[in-house]
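Student: only geometry, no sequence info:
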Ligand SMILES: [Zn+2]
């Protein structure tokens, strides 16, 4: 648990340092520090913004049925945690008013489960809670938000650069016309063509960066899922989670094309179940030895 927390913190710091390094190669040092600080703040506060956006209801405000269900599943998780020497009592639970079956780790300490999930049995709910607590401890949402900020800055930066470049081209064209050089239909046509080319180049770069972002985040995200499953299995919720995954897939249909597979944020349930079983089996056989 402590190792997972430290690793999560170190990973976030490393990513922010890379950000600072890259920004300082483009901007002045003060700007680079400012932008990195803003990204860190957004990544941190995003936890609360997402809770508000999902209209998540804190467990204490729930009606007695959902409240008792969520609380007893959480209690089960905390008890298992205590016996494994892991303190999970700092987690804050919420219900998201959504009939679909899903759960979210919002950041460091907030977990939301949908109303749809709360209709299931207690064991399934605690299995999912164990998985989400695995995300919370290591701060996966924090990393995803930093990467999202990065791609937003890149896309925005490219848009601004494209806009400024074409603007500059047209200003040059207007000045040339003003001084009586060019100004005919041909020069208008050429300037129009060049400005379109510039826009294409910048839009092309945007697509390339977006493509790289989606592939990278897809890969990171799938690893995060395995790691959270592993954590749940370590907490002795492997069976519950595997059983839950076998009955309720959290994906909107299995990926079909290579593109789907590359971009998918979650591995397929079958793969996840296999890994959980592998883990449970190897620890079990080790314990028997
Ligand atoms: Zn997950």
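Tutor: Received it, and whenever you're ready, just let me know what you need. Keep in mind that what you see is a predicted model, and the values were worked out from it rather than measured.
Student: so the most far-flung residue of the chain relative to its centre, which of the three states?
Tutor: Going by CA atoms, centre = their mean, the residue of the chain most distant from its centre is residue 180, 55.3 Å out. Recorded secondary structure, residue 180: coil (DSSP: H, G, I helix; E, B strand; the rest coil).
Student: and it, how close does it get to the ion?
Tutor: Using CB to the ion, to the nearest Å, we find residue 180 at a distance of 66 Å from the ion. In short, each C-beta sits where N, CA and C put it, glycine included.
Student: confidence score at that residue?
Tutor: Looking at residue 180, its pLDDT is 75.
Student: how about the strands in the stretch 151-289 of the chain?
Tutor: Counting by DSSP state E, counting those that start in this stretch, the stretch 151-289 of the chain has no strands to list.
Student: residue numbers of it in contact with the ion?
Tutor: Contacts of the stretch 151-289 of the chain with the ion, taken as CB under 5 Å from the ion, map to 225, 228.
Student: can you show me the helices along the stretch 151-289 of the chain?
Tutor: Counting by DSSP state H, counting those that start in this stretch, the stretch 151-289 of the chain has helices at residues 185-234, 238-247, 258-263, 269-288.
Student: shaky segments in the stretch 101-250 of the chain?
Tutor: Where the stretch 101-250 of the chain drops to pLDDT under 70, the residues are 182-183, 249-250.
Student: quick one, the helix or strand encompassing residue 75 and helix 238-247 angle?
Tutor: Assigned by DSSP states H and E, residue 75 belongs to helix 64-83. Counting by axes from the mean of the first three to the mean of the last three CA atoms, to 10 degrees, helix 64-83 lies at 140 degrees to helix 238-247.
Student: from the contact counts, what lies against helix 64-83?
Tutor: For helix 64-83, the packing partners by 3 or more CB pairs under 8 Å, 6 or more residues apart in numbering; DSSP states H and E come out as strand 92-96, helix 115-118, helix 122-138.
Student: how about TSV for the helices of the stretch 151-289 of the chain, with distance to residue 162 and mean neighbour count added?
Tutor: Shown next, in TSV, are those (distance: least, CB to CB, whole Å; neighbours: other CB atoms under 10 Å):
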stretch	distance to residue 162	mean neighbour count
helix 185-234	3	16
helix 238-247	44	20
helix 258-263	25	12
helix 269-288	40	14
